[in-house]
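**Student:** Take a look and give me a structure for this.
(one chain, ligands or ions: 1)
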Amino acid sequence: MEFRLPPVPRDLPIGVFDSGVGGLTVLRALQAALPAESFLYLGDTARLPYGTKSPASVVRYATQCAGLLVSRGIKALVVACNTAASAALPDLAARYPGLPVVGVVEPGASAAVAASPSGRIAVIATEGTIRAGAYVAAITRLRPEACVTGIGGSVFVALAEEGWTDGPIVEQVAHRYLDGVFAGGDAPDTLLLGCTHFPVLAGALRHAIPAAVTLVDSALTTAQAVARQLATQGLARPAAAGALGETRFLATDGPERFARVGSIFLGRPLTVRDVELVDV
Ligand code: DGL
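**Tutor:** Next up is the predicted model:
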């Protein structure tokens, strides 16, 4: 009879979730920073968008997504959704003591503070993230005199999920949201993409802001925060002989659509066979 040892936590995947395909921009940075790690990504496509929902609904959705990933066996949880991280990060951390839980808001705030010489920082995010005030709190914790301008830009989520990442329509929407913010002498010098759906729109956003403004997102600094947590807790998977980790994808609706649009976000082709349909 074959005897199998239970998997050691270091070999378990890192769980990552978002309301849809936006968190794949974070997954991409995680895969680049941590090539030996395996990942289990969940897109809650059945209930997208989160950004226009009430905080109570977002907390419920986030709790259910985390519960599903934890039930599959993960060694760390990355909340790759600003809206969910703004509403539910403390609840999730309290629910799973001992499990490293990393959100995208603190890493995004630190990227913005590092990029901004003047401390005048604009954040474009979903209505829910702006309403929660999470970025104002995270940025001013790092730099108390910072001046943070929040812009609710939920239409960008719909455009990104549609795969409309560039062209005149996206540029017009970008102008509509941003023109007023970047007019005038004391305009922000940094624009933080406070939604994980937005990095794919960066080209169009660039058209709507002055060339001197720095565009930052939270993907790289989130990957660095996860790497630090794994190292500190002895959970990093050794990069044995260049062995690469595996990534599996779960979606709560429309695996075909998830694969098609997700390919844009991930920067490599996904097929419907890569995506498992799940119920949370
Ligand atoms: N990607 C999510 C975020 O970072 C939000 C998209 C949505 O509204 O569901 O906030």
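
**Student:** Identify the residues contacting the nearest residue to residue 10 once chain neighbours are set aside.
**Tutor:** Distances taken as CB to CB, 6 or more residues apart in numbering put residue 237 closest to residue 10, at 5.1 Å, once the chain neighbours are dropped. All C-beta atoms are positioned from the backbone trio N, CA, C, and that covers glycine. Neighbouring residues of residue 237 by CB atoms under 8 Å, 6 or more residues apart in numbering: 10, 11, 34, 36, 37, 38, 245.

**Student:** Of these, which is the nearest to residue 179?
**Tutor:** Using CB to CB, residue 34 comes nearest to residue 179 of these, at 38.9 Å.

**Student:** For whichever residue of the stretch 1-150 of the chain sits closest to the ligand, which non-adjacent residue is closest in space?
**Tutor:** Closest contact between the stretch 1-150 of the chain and the ligand, by CB to the nearest ligand atom, is at residue 51 (2.8 Å). Leaving aside its sequence neighbours, residue 51 sits nearest to residue 126 (CB to CB, 6+ apart; 2.5 Å).

**Student:** same question, residue 173
**Tutor:** Looking at residue 173 with CB to CB, 6+ apart, the closest residue is residue 155, at 5.5 Å.

**Student:** And for that neighbour, the neighbour number?
**Tutor:** 13 (other CB atoms under 10 Å).

**Student:** One more: the one 10 residues further on?
**Tutor:** Residues contacting residue 165 under the criterion other CB under 10 Å number 20.

**Student:** Do I have it right that it meets residue 204?
**Tutor:** Yes: counting by CB atoms under 8 Å, residue 165 does reach residue 204; the two are 7.0 Å apart.

**Student:** Verify the stated contact: residue 224 with residue 107.
**Tutor:** Yes: Residue 224 is in contact with residue 107 according to CB under 8 Å; the separation is 7.2 Å.

**Student:** So these two - more neighbours on which side?
**Tutor:** Neighbours were counted for residue 224 and for residue 107 using other CB under 10 Å; residue 107 has more, 24 against 17.

**Student:** what sits against that one?
**Tutor:** By CB under 8 Å, 6+ apart, the neighbours of residue 107 are 218, 221, 222, 224, 225.

**Student:** Tell me if the host helix or strand of it is near the ligand.
**Tutor:** Assigned by DSSP states H and E, residue 107 falls within helix 105-115. No: interface with the ligand: helix 105-115 contributes nothing (CB under 6 Å from any ligand atom), its closest point being 9.2 Å away.

**Student:** next one: stretch 37-45
**Tutor:** No: contact of stretch 37-45 with the ligand is not found when judged by CB under 6 Å from any ligand atom; the minimum separation is 8.2 Å.

**Student:** end-to-end on that stretch?
**Tutor:** Stretch 37-45 stretches 25 Å from its first residue to its last (CA to CA, to the nearest Å).

**Student:** chain center to it: distance?
**Tutor:** Centroid displacement of stretch 37-45 relative to its chain, using CA atoms, centre = their mean, to the nearest Å, is 11 Å.

**Student:** before we move on, what about stretch 199-211?
**Tutor:** Distance, centroid of stretch 199-211 to centroid of chain: 18 Å (CA atoms, centre = their mean).

**Student:** Thank you kindly, that will do.
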